[in-house]
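Trainee: sequence plus predicted model, see below.
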Amino acid sequence: MQHNLPLMRAISEQIHRDRRGFNQSYIRHRTHDGHIEMNIAGWAIQLAGGYQWIGDDCATYGQIRVMELAAPNRVRFADAVATELLGLTQEEASFILMAADDKIARGWLDDEVSRLTNIAFEQISTYLTLDKKGHLS
């Protein structure tokens, strides 16, 4: 399965911009002061758009569900939706979305964004050449 680099980059930027909004312990959680914090799965769903959260903001993993806005009768578990949106394998999802702590999850995400960006750049750069003046063509 191919990872979704644009979404992963958006999540990384979001959690670096608002550290208080990132808590790998919860897909989606409302704090005592009303602030919403989410893990990588939660941010994937939120930033991808097209989904509405269903149920309690403080529900456990097996209870967090989302409804697809394009198909209102389709309600699914949030972790499964996030796995698909991010392009993760089941093994990756089990570890990153369910087992990793904040530091490990954030490090994995940043490393993946960097790795995938380098791969994309290498793929693009193979088609670029320099003319006699050193300009890309």
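Mentor: Sure, I can see it.
Trainee: show me where the protein has strands.
Mentor: 28-30, 36-38, 51-54, 65-68, 75-77 (DSSP state E).
Trainee: among these, which comes closest to Ser94?
Mentor: Nearest to Ser94 among the strands of the chain is strand 75-77 (13.6 Å), distances taken as CB to CB. (Each C-beta comes from the backbone N, C-alpha and C, glycine too.)
Trainee: and the closest one, what's buried?
Mentor: Phe77 (16 or more other CB atoms under 10 Å).
Trainee: would you check that Met98 makes contact with Phe77?
Mentor: No: here Met98 does not reach Phe77: they are 11.9 Å apart, not a contact under CB atoms under 8 Å.
Trainee: point out the most buried one among the strands of the chain.
Mentor: Looking across the strands of the chain with neighbours counted as mean count of other CB atoms under 10 Å, the highest average goes to strand 36-38: a mean of 21.
Trainee: Cys68 bridge partners, please.
Mentor: Check again: residue 68 is Glu, not Cys. Tyr51 (DSSP bridges).
Trainee: start to end distance for stretch 49-66?
Mentor: 11 Å (CA to CA, to the nearest Å).
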